[in-house]
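>>> With the input below, show me the fold.
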Amino acid sequence: MIEIMSPPLIALLDHLEGREIAFAAGAPVFHLGDPVCFIHVVRSGVVHLVRHQDNGTALILQRAGPNSILAEASLYSASYHCAARAEVAGVTWAIPRAGLLARIEEDTELAIAWARYLAHEVQQARLQSEILSLKTVAARLDAWLSCHGSLPARGHWSMLAHEVGVSPEALYREIAWRRRRGTI
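Numbering: from 1, shown residues only. The predicted structure follows:
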């Protein structure tokens, strides 16, 4: 999603024990079945959470950009249920899983910030599910706009197209049509 995690949680996570890890474009961050040793906060770049289908296609479950937690639900799992790879070169803040769990148990401020973040992610996932269930580009764009207010800057339209599950070309045609009508 285009939304970004709240600054208070970022600040709290930045103060936890961890280490920066740099990833080249295309490099794996973790593999399906790997033990969960770290929770990654993306500092720069873009990391995709991917599940590969039997037919070879890949489902992108998360597009994590700067200030996003990668695979946050993995905090409560022993192993990863998908893979993650750096789409472009980037850096993560890798927080040891055990340390984060212990801090959440003892630090009320961190626990509340973490719970708020997870609640927000559930809301965003439900919104995304509803948008993707709509049949037309126009309906998907209307639903997205009703929640976000206005279009992102022109350079981010292809990301919006991916977010609402349409081709960039289809989204551009819809935006151009709305501009000709004066509705956007």
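
>>> what separates the helix ranked longest in the chain from the chain centre, distance-wise?
Identified as the longest helix of the chain according to DSSP state H is helix 108-133. Its chain's C-alpha centre and that of helix 108-133 lie 11 Å apart, by Cα atoms, centre = their mean, to the nearest Å.

>>> Which positions within that helix qualify as buried?
For helix 108-133, the buried set under the neighbour-count rule, 16 or more other Cβ atoms under 10 Å, comprises 110, 113-114, 117, 121, 127-128, 131. Where C-beta positions appear, they are placed from N, C-alpha and C, glycine not excepted.

>>> Pick out whichever of those sits closest to residue 35.
Ranked by distance to residue 35 (Cβ to Cβ), the buried residues of helix 108-133 are led by residue 114 at 21.1 Å.

>>> Give me the distance between that closest one and residue 146.
28 Å (Cβ to Cβ, to the nearest Å).

>>> follow-up on the earlier one: packing partners for the longest helix of the chain?
helix 7-14, helix 97-106, helix 137-148, helix 157-164 (3 or more Cβ pairs under 8 Å, 6 or more residues apart in numbering; DSSP states H and E).

>>> Minimum distance to residue 43: which of these has it?
helix 7-14 (9.2 Å).

>>> Now do that closest one: which elements does it pack against?
Packed next to helix 7-14, using 3+ Cβ pairs under 8 Å, 6+ apart, are strand 38-52, strand 83-96, helix 108-133.

>>> Give the residue spans of the protein that score low on pLDDT.
For the chain, the stretches with pLDDT under 70 are 1-7.

>>> domains for the chain, by residue range?
7-130, 135-181 (automatic domain parsing).

>>> And the last one, how far out from the chain middle?
This points to domain 135-181. 19 Å.

>>> Check the separation of the first and last residues in that domain.
In domain 135-181, first residue to last residue: 22 Å (Cα to Cα, to the nearest Å).

>>> and if you look at stretch 67-83?
19 Å.

>>> who's in contact with that stretch?
Residues from elsewhere that reach stretch 67-83 (Cβ atoms under 8 Å, 6 or more residues apart in numbering): 4-5, 10, 13, 28-36, 39-43, 47, 49-52, 61-62, 64, 84, 92, 97, 100-101, 117-118, 121.

>>> Pull out the buried positions in that stretch.
Residues of stretch 67-83 classed as buried by neighbour count (16+ other Cβ under 10 Å): 67-72, 74-75, 80, 82-83.

>>> Please apply the same query to stretch 165-180.
Using 16+ other Cβ under 10 Å as the test for burial, stretch 165-180 gives 166, 170-172, 174-175, 178.

>>> got those as CSV, with distance to residue 138 and secondary structure columns?
CSV is the format used below for the buried residues of stretch 165-180 (distance: Cβ to Cβ, whole Å; DSSP: H, G, I helix; E, B strand; the rest coil):
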residue, distance to residue 138, secondary structure
166, 10, coil
170, 10, helix
171, 10, helix
172, 13, helix
174, 6, helix
175, 10, helix
178, 8, helix
